[in-house]
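Participant: I would like the atomic coordinates for the input below:
(one chain, ligands or ions: 1)
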Amino acid sequence: MNKGQHDTFKSTCCYCGVGCGVEIKVEKNGSVSVVGNQSHPVNHGKLCSKGLNLQYTVNDRSDRLLYPQMRYHKSMPLQRVSWDDALDRTAAVFQTFVEQYGPDSVAFYASGQCLTEEYYVLNKLVKGFIGTNNIDTNSRLCMSSAVAAYKKTLGEDSVPICYDDIELSDCFLVEGANPAWCHPILWRRVEAHKVNNPRTKIIVVDPRVTDSCAVADLHLQINPGTDIVLNYAIGRLLIERGDIDLDFLERHTEGYPEYKTRVMERTLLEAAAICGVPAEDIELAATFIGESTGFLTMWTMGLNQSAIGVNKNLSLMNLNLITGKIGKPGSGPFSLTGQPNAMGGREVGGLANLLPAHRNMNNAQHRDELQKFWSGTTVSEKPGLTATEMFEALLDGRLKAIWILCTNPLTSLPNARLVERALEKAKFVVVQEISNKPQTLSYADVILPAAAWAEKEGAMTNSERRISHLQKAIMPPGEALPDAEILCRFAQKMGFNGFSYHKTEDIYREHVRLTAGTNITIDGLDYDVIDALNTVQWPYQKRRKMGTARLFQDGKFHTDSGRALLHSPPDDHHSERPDSNFPLILTTGRIRDQWHTMSKTGKVNKLNQHIQDAFLEIHPRDAAALQIENGELVSVLSLRGNVRVKARVSATIKPGVVFLPMHWGKILGSDLNRANNLTNDLVDPVSKEPDFKFCAVRVEKY
Ligand code: SF4
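Facilitator: Residues are numbered from 1 along each chain as shown. The predicted model follows:
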């Protein structure tokens, strides 16, 4: 599977959606070193702290799972078994459940860190052969609100911009994101652009003062959950001042009259009071946007991880539409993808409500195309269980078996105690993992050791639709296998045809064929073409042998009418309201040097030195009222559980709001540092993305 002839291999960083290119050098003793790829169009050799320390996570194999393990009964210990024994039994159990209870009695929960080929075979296996759409990924916790909003507004989940738009823009509205920490290499481009073009305006919207605010011309420190109110207020000002593009609205959009009516419902002063920011600051934001020639809106989890996440996204995208700043240089809505291959997963339909190549589950012709292509079973029109729904279904017995791969739900899902109870109740749990640390392993009936980054080949797509080819540099340890190979072996044990690929690229080529004729076509692409072009942005223009940097330049969108659609939902929010028992609002998020649940970055001393323990950020006013000193141990309680961490008293957070980092969990000691003991499993009604950024808590001295 490996095409590298020498000891240096091209790859892409396995952390965030920026998608920085790296080179993996394999030393004579077998250890690897990782450096930035100087010729990569995204990062030109630069890496952030996480990327710079990739080699330590690869070289330290002390925690790796080396062979399959299985137990024949919940009361028995796990024991080492062969791959055949593990997969024979797993196939037999899955077949039994499917026969007895139907295909919807089993589910697969995967990750935005899976490679495109892994996503593809998993989708094919579950949707095309087992006959259920019960395959979801942790992208549900990350980008699903943006996906739903892109589909509603643009007709498809198609990010319009390219990173080169950064240098062509003169106004950035960054909402619910801290890219200085979470998308560092991209943010350095924004910072450098601002230095070179001081008239460029940067507006940051966040209840916290983050490092991204350091270069901002304006920080709108809004109350959590009030983003739509703010965006409508800005929209109203732009309309009143005539800073909109009426010609664009008339020729390329629908829904403007309803939008105009909606944003006029609140006065600027009302909006300012709800958002908790000065009215003059909202006016200044509208001035910056109105005076710009290039306008990029950027956002990530602050908008997505919300019970009104889709509506928040829609309200932000509307600002690009009313100003006509989309499909033009330096302009457009730009969702910052959390995970490295969340976009690649969406291309192959890697969520419970998606089908490959942006086909729609409720479209009979689309389902028929897949049935013919795969020669499998009937593709169901019923959306599968989403991430949180899977664990609710395990708890109430609808779901009998779950296969968890490449993700650590006991740290990352909301309301973690419910997830624990669900896994206790599950009749059969398969965990496909690289590390012996995740808490899910203690619930597993079968453990399947997987190959890690650098130990397998495949493709990933970053936030700007850029596809890269990741070469295999080293062999996996012990008996660990690439995820795609594990899934194909299982499919064969289930008796399904169409899973005997000779090499990983055969899977990729099959995915490529399914995209032909669609809006995301990469027809003509294979690993050689990607390598020859360095990387490729979809859609790939086969005749011209090139990708596509920017979408919608002709003003034609992927909706039925060809027009972009302005949606104008109400601006209220449905999160858990603080009350006298739980008077503070908890918001959660990431820190600079850790990734997700720390199974990789937590192994690196240098990264742990940045911030060593979980903490509660609390405003001095709230801390004083509770007589809490900086560094003191506190208990944080919600209706769902509690956390015990040290207080970090800081004016960087809005009074009435507290913050906990999301990375910690039982993987490194006690689970009393796990933010998700507290979070609410309330989800957005459309995207089903959880409300990680808003729940009611109480803080007490410990
Ligand atoms: Fe990796 Fe993201 Fe850092 Fe680039 S910015 S090195 S992709 S973590």
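Participant: ok, now which ones touch Val429?
Facilitator: Shown in contact with Val429 (Cβ atoms under 8 Å, 6 or more residues apart in numbering): Ala401, Ile402, Ile404, Leu423, Thr440, Tyr443, Ala444, Asp445, Val446. Glycine gets a C-beta too; all of them are placed from N, C-alpha and C.
Participant: for Asn608, same thing?
Facilitator: By Cβ under 8 Å, 6+ apart, the residues touching Asn608 are Asp593, Gly602.
Participant: and the closest residue in space to Cys171 that isn't next to it in sequence, what pLDDT?
Facilitator: Leaving out its chain neighbours, the residue that sits closest to Cys171 by Cβ to Cβ, 6 or more residues apart in numbering is Ser292, at 3.4 Å. Per-residue confidence (pLDDT) for Ser292: 98.
Participant: state the number of residues packed around the residue lying closest to Asp211 once chain neighbours are set aside.
Facilitator: Spatial nearest neighbour of Asp211, chain neighbours left out: Ala180 (3.8 Å); criterion: Cβ to Cβ, 6+ apart. By other Cβ atoms under 10 Å, the residues close to Ala180 number 22.
Participant: okay, and Ala180 sits in which element?
Facilitator: Taking DSSP states H and E as the definition, Ala180 sits inside helix 179-182.
Participant: work out which residue lies at the spatial centre of the protein.
Facilitator: Nearest to the mean C-alpha position of the chain, counting by Cα atoms, centre = their mean, stands Cys142 at 3.4 Å.
Participant: helix/strand/coil for the closest residue to that one other than its chain neighbours?
Facilitator: Leaving aside its chain neighbours, Cys142 sits nearest to Gly338 (4.1 Å; criterion: Cβ to Cβ, 6+ apart). Here Gly338 is recorded as coil under DSSP: H, G, I helix; E, B strand; the rest coil.
Participant: could you do the one 5 residues further on as well?
Facilitator: Judged by three-state DSSP, the three-state class of Met343 is helix.
Participant: check the gap between it and Thr337 for me.
Facilitator: 6 Å (Cβ to Cβ, to the nearest Å).
Participant: repeat for Thr521
Facilitator: Separation of Thr521 from Thr337 (Cβ to Cβ): 21 Å.
Participant: who's more crowded, these two?
Facilitator: More crowded of Thr521 and Thr337, by other Cβ under 10 Å: Thr337, with 27 against 19.
Participant: which residues does that one contact?
Facilitator: Cys16, Gly17, Gly112, Cys142, Met143, Thr300, Met343, Asn462, Ser463.
Participant: ok, and of those residues, which contact the ligand?
Facilitator: Cys16 (Cβ under 6 Å from any ligand atom).
Participant: returning to that earlier point: what do Met343 and Thr337 both touch?
Facilitator: Jointly contacting Met343 and Thr337 under the rule Cβ under 8 Å, 6+ apart are Gly17, Asn462, Ser463.
Participant: closest approach to the ligand from this structure, which residue is it?
Facilitator: Nearest to the ligand, among the residues of the chain, is Gly51, at 2.5 Å (Cβ to the nearest ligand atom).
Participant: tell me if I'm right that that residue and Val35 touch.
Facilitator: No - the pair Gly51 and Val35 does not pass the contact test of Cβ atoms under 8 Å, sitting 9.4 Å apart.
Participant: between these two, which contacts overlap?
Facilitator: Residues touching both Gly51 and Val35 (Cβ under 8 Å, 6+ apart): Val22.
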